[in-house]
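> Whatever this is, show me its structure:
(one chain, ligands or ions: 1)
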Amino acid sequence: MATRIMILNGPNLNFLGVREPHIYGKTTLREIEASCEQVAQLLDVSLSFHQTNIEGELVGLIQQAHGSMDAIIMNPAAFSFTSVALIDALKIFDGPKFEVHISNIHARDELHRHSITSTASTAVICGLGPYGYIAAMLAAVQRLGRMPAAIPAALHGFEA
Ligand code: CA2
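Predicted structure coming up:
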């Protein structure tokens with residue numbers, strides 16, 4: 001069976017590539033989704049990709065992922081800095097959970113620096129631009145021990 005990964009995107013990320021390209025780059029969320037789909041084919045992943053501006057919808061999707069997905073990759077955007085509801089939902093999910101930020105949040109202003117949702121994540125990737133989503137997919141499949149044999153050995157990593 002294919003590895004099942006849910007990718008979640010929080011508020012305003014539907015404006016990627018349209019506004020503030022000096023911070024978030026020129027790539028649109030649709031382009032990011034298309035690149036994730038390409039990598040999904042290589043990694044034998046079935047992908048469920050979402051964006052919502054509503055915190056409760058993210059909570060609902062994380063709850064749905066429980067029992068139906070192998071890993072979650074989430075860019076919670078502004079909810080990273082406020083959402084105890086997302087932390088609680090992430091704690092329900094047993095599989096690997098990767099938090100992704102396009103920008104390097106540690107190099108940003110006080111408002112954008114302190115992710116609280118990362119406390120409930122397996123790992124955090126930030127500052128790699130849209131490639132962070134690809135890195136997170138590789139890391140999720142590697143972590144699950146589901147890297148297809150056809151993928152070069154170095155990308156299989158080492159046993160924990
Ligand atoms: O770097 C990231 O991926 C962020 O999660 C993006 C969030 C920001 O609050 C985080 O600190 C870091 C903001 C997403 C808003 O998306 C926009 C996209 C285009 C134009 C304006 C906002």
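
> Near the ligand, which residues of the chain are found?
12-13, 15-16, 19-20, 24, 75, 77-78, 101-103, 105, 112 (Cβ under 6 Å from any ligand atom). Just so you know, the C-beta spots here come from the backbone N, C-alpha and C atoms, and that holds for glycine as well.

> could you redo the last one with a cut-off of 5 Å?
With Cβ under 5 Å from any ligand atom as the criterion, the chain meets the ligand at residues 12-13, 15-16, 19-20, 24, 75, 77-78, 101-103, 112.

> Reformat the residues you listed as CSV; add neighbour count, pLDDT and distance to Pro152.
Below are those laid out as CSV (neighbours: other Cβ atoms under 10 Å; pLDDT from 0 to 100; distance: Cβ to Cβ, whole Å):
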residue, neighbour count, pLDDT, distance to Pro152
Asn12, 14, 97, 37
Leu13, 20, 97, 31
Phe15, 12, 95, 36
Leu16, 24, 95, 30
Arg19, 9, 77, 38
Glu20, 12, 78, 36
Tyr24, 19, 83, 31
Asn75, 25, 98, 27
Ala77, 20, 97, 33
Ala78, 15, 96, 37
His101, 23, 97, 27
Ile102, 23, 96, 26
Ser103, 17, 94, 30
His112, 18, 79, 36
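
> Just give me the closest of these to Ile32.
Of all the residues of the chain next to the ligand, Leu16 has the smallest distance to Ile32: 7.1 Å, by Cβ to Cβ.

> Spatially, what comes nearest to the closest one if we skip its sequence neighbours?
Leu29 (4.8 Å; Cβ to Cβ, 6 or more residues apart in numbering).
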